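S.K.: following is a predicted model, sequence given first.
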Amino acid sequence: MLLFIPRWFVCIVALTLAGPLAADWPQWRGTNRDGVTRDFVTPSTWPAALKEIWKVTVGEGHSSPVTTEGRIYVLARQGEDEVVLCLEASTGKQLWRASYPAAYTMNPAATGHGKGPKSTPVVSDGRLFTFGINGVLSCFDARSGALKWRKEFSKLYPNTSPLYGTAMSPIVANGLCIVHVGGHDKGALTAFEVETGAVKWANAEDGPAYSSPVLATLAGEQQLVTYTQSHVVGISATSGKLLWKIANKVPYDVTSVSPVVYKDLVIFSIYEKGIGAVRLSKQGGGLVPQEVWRNAAYESYMNTPVLAGNRLAGFSYKKKGQFFCLDVDTGKMLWESAGRMGENAAILSAGDLFFCLTDDAKLFVLRSSATSFAPVKEYQVATSPTWAHPVLMGNRILIKDKTSLAALAFQ
């Protein structure tokens, strides 16, 4: 007697055996570009060490992996080529690979950071967008890896990347892929139609920084909030019009953090002025940023803080690297770590936890409600530098070190 088993039942059993499904992480700092994940499975007991599920060599660079529909996408460097890899999330198996020449001469002041790439891809509606170290923008079919279109900007700008290479990560909004093209002293935040690559609008107020924009509706205006070479700005997401700006001139123009939006506040770090919050108000037909609070004790250099409720966790370059947590309503310090914690750290928020990964591959797990820097657990997750942002998937974490990508499990 043959037993008929419906296909839907087989699928449910397979998914159950595979463990909890992980939510997508399709762009820089996740679905909402805020470093917050909502699907991490907290272990009943924290293991002594993380279990390696798989590890593959992908190439050099600080670009972070992105995930969607059971696939992982990585932008990396192999020799003098930039490569785009699509991997099976459960096994690390390569599903497709694309590459293009990307010879790059490094600025002597940044040789320690390698030749990149540094920009994180974005997956949207079946398309994968990458932005290479030289400022080459590519659109791929996310399923097959076929190139849909590519743009390079050497005929438009004297430099196609800022002094230390392109690092800003593309954002997709309103059917547009938006990137800051050009280089030092001359560039434009530019919106490209996702289907054709045609330019919809361009804002040429300033050259690019190394920051990545966030999308928010503030004071009734949908806008891209980002750093440029010399300012923090709000740009209309539909027209590219400049809505407001705040001066932020940093030595060597190395602004590398992204703004954080909390309710109607924009939180950002200003050189030699610390971390602060502004609220936008409509005045005289325009938008005016008004300072709500400022905490000069901490200042971000490359780290973008994350939120858990009204708590803002970040990493300051002062004191040779220091974690901190602020009350985001007031700017008041809630706790701080000792100094000398590292050159940089990437932070994720997951439920009642913060995950803090330093550039020397130390992963600290903290309670977001803690009143002091008191890690629940500390792990060594790689043997080479970890500049790329990690990604949490269910009970796993993706760690990109100098040349490899690993999936490690909390079990």
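M.R.: The structure has been received and is ready for your questions.
S.K.: next, count neighbours for Met42.
M.R.: Just so we're on the same page, residue 42 is Thr rather than Met. Residues lying near Thr42 (other CB atoms under 10 Å) number 13. C-beta: built from backbone N, CA, C; applies to glycine.
S.K.: OK, contacts around it?
M.R.: With contact set as CB atoms under 8 Å, 6 or more residues apart in numbering, Thr42 has these partners: 351, 353.
S.K.: could you do Ala49 as well?
M.R.: Contacts of Ala49 (CB under 8 Å, 6+ apart): Tyr379.
S.K.: would you say it is within a helix?
M.R.: No: according to DSSP: H, G, I helix; E, B strand; the rest coil, Ala49 belongs to no helix; its state is coil.
S.K.: now do the helices in this protein.
M.R.: With DSSP state H, the ranges of helices along the chain come out as 7-18.
S.K.: please name the nearest non-neighbouring residue to Leu147.
M.R.: Setting aside the residues directly before and after it, Leu147 is nearest to Phe140 in space (CB to CB, 6 or more residues apart in numbering), at 5.8 Å.
S.K.: go on, Thr196?
M.R.: Trp149 (6.8 Å).
S.K.: so what's the one you found bridging to?
M.R.: Beta-bridge pairing of Trp149, defined through DSSP bridges, involves Cys139.
S.K.: and it, how many residues sit next to it?
M.R.: The tally of other residues near Trp149 (other CB under 10 Å) stands at 16.
S.K.: switch to numbering from 32
M.R.: From this message on, residue numbering opens at 32, which makes the last subject Trp180.
S.K.: hang on, isn't the residue nearest to Leu178 packed against Val115?
M.R.: Yes: using CB atoms under 8 Å, Phe171 is in contact with Val115, at 6.3 Å.
S.K.: tell me the residues that contact both of those two, please.
M.R.: Residues touching both Phe171 and Val115 (CB under 8 Å, 6+ apart) are 129, 159, 161.
S.K.: which one of those is nearest Glu91?
M.R.: Nearest to Glu91 among the shared contacts of Phe171 and Val115 is Thr161, at 15.2 Å by CB to CB.
S.K.: give me the low-pLDDT residue ranges for this structure?
M.R.: Residues of the chain meeting the criterion pLDDT under 70: 32-53.
S.K.: hang on, the residue nearest to Thr227 packs against Val167?
M.R.: No: using CB under 8 Å, Trp180 is not in contact with Val167, being 11.5 Å away.
S.K.: mind listing what the closest residue to Gly362 other than its chain neighbours touches?
M.R.: In space, and not counting its chain neighbours, Gly362 is closest to Trp324: 3.5 Å by CB to CB, 6+ apart. Going by CB under 8 Å, 6+ apart, Trp324 touches 307-308, 361-362.
S.K.: of those residues, buried ones?
M.R.: 307-308, 362 (16 or more other CB atoms under 10 Å).
S.K.: from His144, how far off is the residue nearest to Ala141 when sequence neighbours are not counted?
M.R.: Excluding the flanking residues, the one nearest Ala141 by CB to CB, 6+ apart is Tyr195, at 4.4 Å. Plainly put, Tyr195 is 7 Å away from His144 if you go by CB to CB, to the nearest Å.
S.K.: can you list residues touching both of those two?
M.R.: Shared contacts of Tyr195 and His144 (CB under 8 Å, 6+ apart): Met137.
S.K.: ok, now which ones touch the residue nearest to Thr62 when sequence neighbours are not counted?
M.R.: Computed as CB to CB, 6+ apart, the closest residue to Thr62 that is not its neighbour in sequence is Asp55, at 6.3 Å. By CB under 8 Å, 6+ apart, the residues touching Asp55 are 62, 98-100, 154.
S.K.: kindly report the same for Ser270.
M.R.: Applying CB under 8 Å, 6+ apart to Ser270 gives the contacts Trp232.
S.K.: switch to 10 Å and redo it
M.R.: For Ser270, the contact set (CB atoms under 10 Å, 6 or more residues apart in numbering) comprises 222, 231-232, 234.
S.K.: next: Trp59.
M.R.: Trp59 makes contact with 66, 94-95, 97, 150-153, 199-202, 243-245, 289, 335, 420, according to CB under 10 Å, 6+ apart.
S.K.: how does it look with 8 Å?
M.R.: Here Trp59 is in contact with 95, 151, 153, 200, 202, 243, 289, 420 (criterion: CB under 8 Å, 6+ apart).
S.K.: what sits against the closest residue to it other than its chain neighbours?
M.R.: In space, and not counting its chain neighbours, Trp59 is closest to Ser200: 3.7 Å by CB to CB, 6+ apart. Contacts for Ser200 (CB under 8 Å, 6+ apart) come out as 58-59, 150-153, 162, 243.
S.K.: quickly list what the residue nearest to Arg325 when sequence neighbours are not counted is bridged to.
M.R.: Using CB to CB, 6+ apart and skipping residues adjacent in sequence, the residue nearest Arg325 is Gly307, 3.6 Å away. Beta-bridge partners recorded for Gly307 (DSSP bridges): Phe299, Arg325.
S.K.: would you turn the contacts of Trp324 into TSV with distance to Leu249?
M.R.: As requested, these are exported to TSV (distance: CB to CB, whole Å):
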residue	distance to Leu249
Gly307	16
Ala308	12
Thr361	20
Gly362	19
